[in-house]
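Engineer: please work out how this folds:
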Amino acid sequence: MTLQQKTVSDGSAFEKLLKITELQGGDPKFLEDLDSYPQAKYSKTILADRPGYLAQINTMNLGFAGIQLGAGRRKISDELDYSSGLYIKQKLGNEIKVGDELLTIFSNNESALEEVAGQMPQVFTISDDAPELPPLIVERIS
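Structural biologist: Residues are numbered from 1 along each chain as shown. Below is the predicted model:
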């Protein structure tokens with residue numbers, strides 16, 4: 001068993017996460033009871049409209065979409081909506097069938113959610129051929 005596996009299985013990794021969360025001003029009770037975290041009023045899941053392979057995700061547009069939903073800031077004084085956001089359900093290179101879930105959008109602002117949903121077809125590129133993916137680790141620095 002690796003050190004990582006040991007710390008996860010014995011709970012010490014989770015205890016460390018709770019401590020780090022508290023030290024950064026977060027409330028660790030949300031990690032201990034995920035149902036207590038605020039839930040967005042509206043959600044919408046984006047489905048694939050064609051089969052193929054997930055070849056590209058325009059992450060810059062996803063970031064701007066998150067800002068529109070309230071999950072990010074345009075300026076430092078903007079308030080965050082901690083229940084809004086985007087949950088990507090696929091990885092690059094995955095084989096996709098028509099109707100597969102690509103992403104779920106969460107927001108308390110229904111019009112912002114609908115506007116962002118309308119932008120999502122341009123965010124995901126599904127190709128006929130499996131994409132060549134770059135390595136996850138380019139090099140190790142020691």
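
Engineer: sec struct for Leu54, please.
Structural biologist: strand (DSSP: H, G, I helix; E, B strand; the rest coil).

Engineer: Asn94 is in contact with that one, correct?
Structural biologist: Yes. Between Leu54 and Asn94 a contact is recorded at 4.9 Å, counting by C-beta atoms under 8 Å. From N, CA and C alone the C-beta is placed, and that goes for glycine too.

Engineer: the helix or strand bottoming out on mean pLDDT in the chain: which residues count as buried?
Structural biologist: The helix or strand of the chain with the poorest confidence is helix 29-32; it has a mean of 90 (mean pLDDT, DSSP states H and E). By neighbour count on 16 or more other C-beta atoms under 10 Å, the buried set for helix 29-32 is empty.

Engineer: what segments of the protein are strands?
Structural biologist: 42-47, 52-57, 85-88, 95-96, 101-107, 124-127 (DSSP state E).

Engineer: CA atoms only: put the last one into CSV for me.
Structural biologist: This file holds the C-alpha atoms of strand 124-127, laid out as CSV (Å, rounded to 0.1, in the frame of the first residue of the first chain):
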residue,chain,number,x,y,z
PHE,A,124,-17.3,20.9,-26.7
THR,A,125,-15.8,19.5,-29.9
ILE,A,126,-16.7,16.0,-30.7
SER,A,127,-14.8,14.4,-33.6
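
Engineer: so which residues make contact with it?
Structural biologist: Residues outside strand 124-127 that contact it (C-beta atoms under 8 Å, 6 or more residues apart in numbering): 46, 48, 50-58, 90, 96, 102-103.

Engineer: can I get the buried part of those residues as one ChimeraX selection?
Structural biologist: Under the burial definition 16+ other C-beta under 10 Å, those of those that qualify are selected in ChimeraX by:
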select :46,48,52,53,54,55,57,90,96,102,103
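
Engineer: among the contacts of strand 124-127, which pair sits farthest apart?
Structural biologist: Pro51 and Asn58 (20.1 Å; C-beta to C-beta).

Engineer: now do the same contact list for the residue most central in space within the chain.
Structural biologist: Geometric centre of the chain, nearest residue: Tyr87, 3.8 Å, by C-alpha atoms, centre = their mean. Shown in contact with Tyr87 (C-beta under 8 Å, 6+ apart): Leu103, Thr104, Phe106.
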